[in-house]
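**Student:** From the sequence below, what's the structure:
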Amino acid sequence: MVRPPTVLTQTTTRVLEPSDLDAALEVLGREPVANAFVTSRVQVAGLDPWRLGGEMWGWYTDGELRSLCYAGANLVPVCATPDAVRAFADRARRTGRRCSSIVGPVEAAGLLWRLLEPHWGPARDVRSHQPLMTTEQPSAEIAADPLVRRVRKEEMDMIMPACVAMFTEEVGVSPLAGDGGLLYQARVAELVAAGRSFARFEDGKVVFKAEIGAATSRACQIQGVWVDPAFRGLGHSETGMAAVVAYALRDIAPVVSLYVNDFNTAARASYRRVGFREVGAFMSVLF
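**Tutor:** So this is what the prediction gives:
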């Protein structure tokens with residue numbers, strides 16, 4: 001019997017450089033919704049680690065860039081095949097944990113965590129299935145709250161307590177820990193300045209708020225949805241989200257996305273009423 005010739009495939013992993021920008025954007029563009037967070041950072045900062053806030057690792061097969069992994073405050077696999085994930089896990093294991101979370105599509109992030117858990121574990125929390133939801137149209141069922149608007153720069157003192165409350169409630173730790181909240185406050189201020197922070201105010205307090213945390217020309221991602229506990233159960237999350245979706249579709253991108261914890265059934269039902277549908281799933285590992 002004549003055996004077929006053996007095909008040799010050469011693979012390598014390396015830190016990308018600014019000259020690799022076009023190739024990286026090509027990979028990111030393959031899944032514009034799932035990759036919105038990383039794409040938005042790269043489009044603004046390029047691939048210089050200092051400006052990007054971390055390294056971008058590239059996985060090559062026969063000289064072609066196939067997969068990426070953003071290694072900054074978050075470790076985020078991008079269009080990562082199982083072989084690429086194994087290579088990224090090996091690099092992450094050797095460099096040691098520098099991130100506060102692993103976040104990404106459930107298959108890649110799940111494999112990455114299984115490979116890293118013996119070295120990095122235990123995690124503070126593992127959210128193994130977070131539905132990724134999208135919409136391309138303003139809500140047909142829920143009327144947008146006319147009092148939800150962009151937050152102004154002079155309203156930072158009002159929006160910050162709501163942002164801190166949301167983060168602490170969602171993540172389980174305060175964003176003020178460590179550096180006193182300087183980095184977190186800078187991020188909130190950045191979104192306010194960009195016109196991507198939205199809220200409904202009553203008597204100087206935030207009733208509802210949300211941000212568009214990532215934005216590209218093809219997709220954007222809503223984050224930080226929060227309603228003051230005193231106003232919950234009154235429909236503000238739905239009418240507020242309908243307003244933010246309308247702003248986003250009109251001014252930012254043709255697809256609006258978010259991801260939500262699968263155990264938050266009330267939020268998932270609310271987002272469905274606003275017009276979102278589930279198109280995939282993310283996973284988050286929190287340290």
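**Student:** Assign I142 to helix, strand or coil.
**Tutor:** Classification of I142 using DSSP: H, G, I helix; E, B strand; the rest coil returns coil.
**Student:** Read off the pLDDT value for the spatially most central residue of the chain.
**Tutor:** Nearest residue to the geometric centre of the chain (CA atoms, centre = their mean): F37, 4.8 Å. pLDDT, F37: 96.
**Student:** Can you give me every residue that contacts the spatially closest residue to D125 that is not a sequence neighbour?
**Tutor:** Leaving aside its chain neighbours, D125 sits nearest to L286 (4.3 Å; criterion: CB to CB, 6 or more residues apart in numbering). C-beta here means a position set from N, CA and C on the backbone, and glycine is covered the same way. With contacts defined as CB atoms under 8 Å, 6 or more residues apart in numbering, the neighbours of L286 are 100-101, 123-127, 171-172.
**Student:** ok, now with 10 Å
**Tutor:** Contacts for L286 (CB atoms under 10 Å, 6 or more residues apart in numbering) come out as 100-103, 123-127, 171-173.
**Student:** Over to S197?
**Tutor:** The neighbourhood of S197, defined by CB under 10 Å, 6+ apart, consists of 150-153, 155-156, 159, 163, 188-191, 209-213, 224, 244.
**Student:** Show me which of those are buried.
**Tutor:** The neighbour-count criterion (16 or more other CB atoms under 10 Å) marks 151, 155-156, 159, 163, 188, 191, 209-213, 224, 244 among the contacts of S197 as buried.
**Student:** hang on, the earlier thing: out of the contacts of S197, list just those in strands.
**Tutor:** Those of those mapping onto strands are 150, 209-213, 224, per DSSP state E.
**Student:** In JSON lines: those residues, plus pLDDT and distance to L249.
**Tutor:** Below are those laid out as JSON lines (pLDDT from 0 to 100; distance: CB to CB, whole Å):
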{"residue": "R150", "pLDDT": "98", "distance to L249": "15"}
{"residue": "K209", "pLDDT": "98", "distance to L249": "19"}
{"residue": "A210", "pLDDT": "98", "distance to L249": "14"}
{"residue": "E211", "pLDDT": "98", "distance to L249": "16"}
{"residue": "I212", "pLDDT": "98", "distance to L249": "11"}
{"residue": "G213", "pLDDT": "96", "distance to L249": "16"}
{"residue": "G224", "pLDDT": "96", "distance to L249": "19"}
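**Student:** closest to R232 among those?
**Tutor:** Closest approach between the ones in strands among the contacts of S197 and R232, by CB to CB: K209, at 13.2 Å.
**Student:** how near is that closest one to C220?
**Tutor:** Distance of K209 to C220, given as CB to CB, to the nearest Å: 16 Å.
**Student:** got it, and M56?
**Tutor:** To C220, M56 is 21 Å away according to CB to CB.
**Student:** Same question for A108.
**Tutor:** 22 Å.
**Student:** P32 now?
**Tutor:** Distance from P32 to C220, counting by CB to CB: 10 Å.
**Student:** my guess is G240 meets F201, correct?
**Tutor:** No. Counting by CB atoms under 10 Å, G240 sits too far from F201 to count as a contact (11.7 Å).
**Student:** And the two? Which one has more around it.
**Tutor:** G240 (26 against 18; other CB atoms under 10 Å).
**Student:** Please list all residues in contact with that one.
**Tutor:** 142, 144-145, 147-148, 198-200, 207-210, 225-227, 274 are the contacts of G240 under CB under 10 Å, 6+ apart.
**Student:** circling back to that earlier point, tell me which of the ones in strands among the contacts of S197 is nearest to R94?
**Tutor:** Nearest to R94 among these, with distances taken as CB to CB, is G213, at 30.3 Å.
**Student:** what sits against the closest one?
**Tutor:** Taking CB under 10 Å, 6+ apart, we find G213 in contact with 36-37, 40, 187, 191, 196-197, 220-224, 258.
**Student:** go again using 7 Å as the cut-off
**Tutor:** 191, 221, 223-224 (CB atoms under 7 Å, 6 or more residues apart in numbering).
**Student:** cool, V151 as well?
**Tutor:** Going by CB under 7 Å, 6+ apart, V151 touches 159, 192, 197-199.
**Student:** can you list these in a markdown table and add pLDDT and distance to T12?
**Tutor:** Formatted as a markdown table, those follow (pLDDT from 0 to 100; distance: CB to CB, whole Å):
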| residue | pLDDT | distance to T12 |
| --- | --- | --- |
| I159 | 97 | 45 |
| V192 | 98 | 42 |
| S197 | 98 | 41 |
| F198 | 98 | 44 |
| A199 | 98 | 47 |
